[in-house]
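S.K.: Here is a sequence with its predicted model. Questions after.
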Amino acid sequence: MFVARSIAADHKDLIHDVSYDFHGRRMATCSSDQSVKVWDKSENGEWHCTASWKTHSGSVWRVTWAHPEFGQVLASCSFDRTAAVWEEIVGESNDKQRGLSHWIKRTTLVDSRTSVTDVKFAPKHMGLMLTTCSADGVVRIYEAPDVMNLSQWSLQHEISCKLSCSCISWNPSSSRAHPPMFAVGSDDSNVTYGGKVQIYEYNENTRKYGKAETLMTVTDAVHDIAFAPNLGRSFHVLAIATKDVRIFKLVPMRKESTSTGPTKFEVQIVAQFDNHNSQVWRVSWNITSTLLASSGDDGCVRLWKANYMDNWKCTGILKGDGSPLTGSSGQPSAMSTVLGSSVQSSQNALNGMSAGRIGKRAPFAPPLRQLTSPKIYQPPAYY
Amino acid sequence: MGFAWGPGDILVYETLYKASGASGSGCSFIHEIRKDEDIYSPILRKLFNESHHIFVGLQTIREELPSKSKKPQFVSISKNYRSVIRACMEELHFGSFFKFLFYSLVSILLAIELIWNLCEVLFIDAAPAGSLLLHLLDWVRLHKADVDERAREVLQSESPAEHHDYWDVPGGTQTLTEFDVKWRHWHEEVDRCMQDNSFASNRHLEVICKILLGDEDTLLDHKELLGTWYHFLVTRLLFCHPTVKPTELHYYAQSCMTMFLDSRSVSEPLDNILLAAFEFDIHQVIKECSIALNNWWFVAHLTDLLDHCKLLQSHNLHFGSNLREFLLLEYASGLFTHHSLWQLAVDYFDHCPEFGRVYLELQIERVPLETERKALKVLRICEQRQMSEQVRSICKIMAMRALRNNRLGSALSWSIRAKDAAFATLISERFLQDYCAKGTFSDLDLIDNLGPAMLLSDRLTFLGKYREFHKLYGEKRFREAAKLLLSLMTAKIAPQSFWMTLLTDALPLLEQKEVIFTADQTYELMFCLEELTSSLNITASSTDRPMQEEDVEVTKVELLRLALARNLAQAIVKEGTVET
């Protein structure tokens, strides 16, 4: 069963982003009220706000954590055209007892001339690097050469994408076979031309990032983009949140030894889901890239999973308040244990599976609840 | 509507409002959703722990032995799994105060054991005709007994216990055909008795007779006593076709199910699973189970066992062992979110040849390192598997955390373990700065016992040696201390920035009544001093230092020069003197 718990966020305006730290014990939220809040999870699983402070002079769009190897570091970006890096300093002992901590600003990145729409740290094997993208289509990559001195950041790359950018995602692969690569999504609303997703790759020879691929089939505004964890595969998987959910597979094509340009990719679309029936705002992978989650304007979060035949299916739908979509009627939570979770999926009905019934049964025919997760052998044609 | 994935399968999401321009009200909520509450159930903990034990044992069965000799082993393992399930059920059934809360869990466990038992009979034990029925009888009896105490009493009176004795187990003293012949004789006898109405007087006896003949209608009349269609099936087989072959089972199963479930009732998932089993469609059984049950425990362990029995391949599944791995990976990944069960998951990943390692690498670095003890536990697991990058990363995280909290000793030991020279240098610098500021060292134990780790970084070596100097001094081994001190500068182990401090440390040695530094050593010290002052002069001229500071520096240098000169004089005299 999905268990939901509500946390009163206490922001004075809309929340735009929520980000877990690497271990999932801390979380940061940012809002239009120009502040960022940091929450810590206590041993009993409750979230406590341990810091709340004003970060920008405009709405804060995104907030992200650096890898804990670099300490407790956050980055935020805002409508006020700046991005900022924050570090937690260990406070006085009485602060600690009261469960408070202090964050101080280490640097402000003011190079952008327009609203900064996304900020992300690059994979840790590249060092401490921060990437921002702005509404005027410029992607900037900064590096802090001395990880102990977070006030020194140098702008290493400035890339113009020509379209207003809304999101970035780095390819997390640290394999030597894969040069550093990131994807940029654009929320430009003109649908007459495609290419709303661009892939850039680092070139060892030119020491610059060059455009490796443009996904021409993506013509609608892109709101979020996410590379899946690599798992040692040779190809890359990219999820895109646009008017629907799309999953692409990028297969690097063999490079000639003399070729010095960016890798050529074969782009395949693995899946496309329009179940949200509205704009999809966020996509995110779980750690092992076996589950993709997406959220949309229909107020639902959907979970997508591939069986090992590589067929993707929706395995769960959650409503805004955390309850599953209607289907599990009248089920007392006391009976909810079971060796499994159960979120009703409307796909079941479509596929003609008998919906699990809960209720009084003769003891010898125990009620087995209907599915959720592994729809392993479903006939492939469902979209 | 936005959200964030947590590492532990926890989804948090913000409420609404991505619509541009809308400025919403404050005090929005964030909802935290968590899947799989069950791994937190303390009762199931036992199931996970014990089955893990059995699983690991199964993996280590030697491959070279022919399957035939392994069969009894597999059967026994299957029985072990089942007994774990039963033990859980017992605990729930009798132990729990809130029995009603766990009712559905008990019934799920019941169903699982039922299915597993049937799979064991049909697939693993692969009972041939003759003993097949007896196994099925046991199977039904076992589960019927669990469930319906009252019915059992009635059943036993009707149960063919006496006939059980009448029949020798086929394969014992008689062959199947001999048995079959005997049985037919007996059947005809009973039938004849029926026909000549010898039991007409006693209604009960008549009914019993009809049952013994396997009359379907009579059996169906007593539906409630039978309870389930599979009990009906076994009963019918018992009285009509006791020598049923495994391959014939599914005909009877299908028809029995149809007869038993009239048009009103619909087949339950459990029924479909059992039917698939009777049809020997392992593939279908696993599929149906995966769909009906959400936790991967059952399908993962059962599939693994069936795979070991080489049963999956024989069913012409082109993904044979991949299916097993897929299920095991899913199951183990689910365990990883639990604060202590994750350790069980490690073994499961170990036995997934294709993706186990990379899954483990990804999952294990996300385990929260709340305490040093836990970090060490995680590290041990990584080190055992040569996951060097994860080791380095975890040590670095711990070192960073310690440094932030000003626990220099801890930070140093973690960076040594991470073999992170740069970080070790940094921390050594901090130690030295602390010493300059406070005059004492913290974490002496650690520095004293560095051993070969000292060589990780130059600065660290210096720190270790410097501390050694202090120790020697403390033990009044002045000559050795002096020698060490000098070597720190001449061998360039000490950074030049520290030379002033070292020279100042030399002062008490120079001022001793007894001459400690030899003439040669004194010359070297003077040389060092000159080197230092000349380089300082170069820098001093360009920097704007406050007068006071400069004064102090100058005084220090003067003092040193004086002490050195005096020492030199005394040393020359001493060395020149002939001992008489």
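M.R.: It's in. Residues are numbered from 1 along each chain as shown, chains lettered A, B, ... in the order given.
S.K.: Now do the helix or strand containing residue B:436: which elements does it pack against?
M.R.: Applying DSSP states H and E as the criterion places residue B:436 in helix B:421-438. Other helices and strands packing on helix B:421-438, by 3 or more Cβ pairs under 8 Å, 6 or more residues apart in numbering or on different chains; DSSP states H and E, are helix B:388-404, helix B:408-417, helix B:458-474. C-betas here are computed from N, CA, C, even on glycine.
S.K.: Just name the most buried of those.
M.R.: helix B:408-417 (a mean of 23; mean count of other Cβ atoms under 10 Å in any protein chain shown).
S.K.: Residue A:234: how many residues sit nearby?
M.R.: 11 (other Cβ atoms under 10 Å in any protein chain shown).
S.K.: hang on, isn't it packed against residue A:252?
M.R.: Yes. In this structure, residue A:234 is within contact of residue A:252 by Cβ atoms under 8 Å, at 6.7 Å.
S.K.: Tally up the residues packed near residue B:203, please.
M.R.: 9.
S.K.: For the helix holding residue B:436, buried residues please.
M.R.: Under the neighbour-count criterion of 16 or more other Cβ atoms under 10 Å in any protein chain shown, helix B:421-438 has B:421, B:423-432, B:434-435 buried.
S.K.: Only the buried residues of the helix or strand just after that helix, if you could.
M.R.: Later in the chain than helix B:421-438, the nearest helix or strand by DSSP H and E is helix B:444-448. Of the residues in helix B:444-448, B:446-447 count as buried by neighbour count, 16+ other Cβ under 10 Å.
S.K.: Name the residues that touch helix B:444-448?
M.R.: B:409, B:412-413, B:431, B:441, B:463-464, B:467, B:471 (Cβ atoms under 8 Å, 6 or more residues apart in numbering or on different chains).
S.K.: Chain neighbours aside, what residue packs nearest to the closest residue to chain A within the stretch 351-500 of chain B?
M.R.: Nearest residue of the stretch 351-500 of chain B to chain A, counting by Cβ to the nearest Cβ: residue B:368, 4.1 Å away. Computed as Cβ to Cβ, 6 or more residues apart in numbering or on different chains, the closest residue to residue B:368 that is not its neighbour in sequence is residue A:23, at 4.1 Å.
S.K.: The one you found touches residue B:367, doesn't it?
M.R.: Yes. Residue A:23 is within contact range of residue B:367, at 7.4 Å (criterion: Cβ under 8 Å).
S.K.: Let me have the helices and strands packed on helix B:421-438 in a markdown table, extended by distance to residue B:241.
M.R.: Formatted as a markdown table, these follow (distance: least, Cβ to Cβ, whole Å):
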| stretch | distance to residue B:241 |
| --- | --- |
| helix B:388-404 | 60 |
| helix B:408-417 | 69 |
| helix B:458-474 | 82 |
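S.K.: Tabulate these (a markdown table), appending distance to chain A and mean pLDDT.
M.R.: A markdown table is the format used below for the helices and strands packed on helix B:421-438 (distance: least, Cβ to the nearest Cβ, whole Å; pLDDT from 0 to 100):
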| stretch | distance to chain A | mean pLDDT |
| --- | --- | --- |
| helix B:388-404 | 5 | 93 |
| helix B:408-417 | 11 | 90 |
| helix B:458-474 | 14 | 88 |
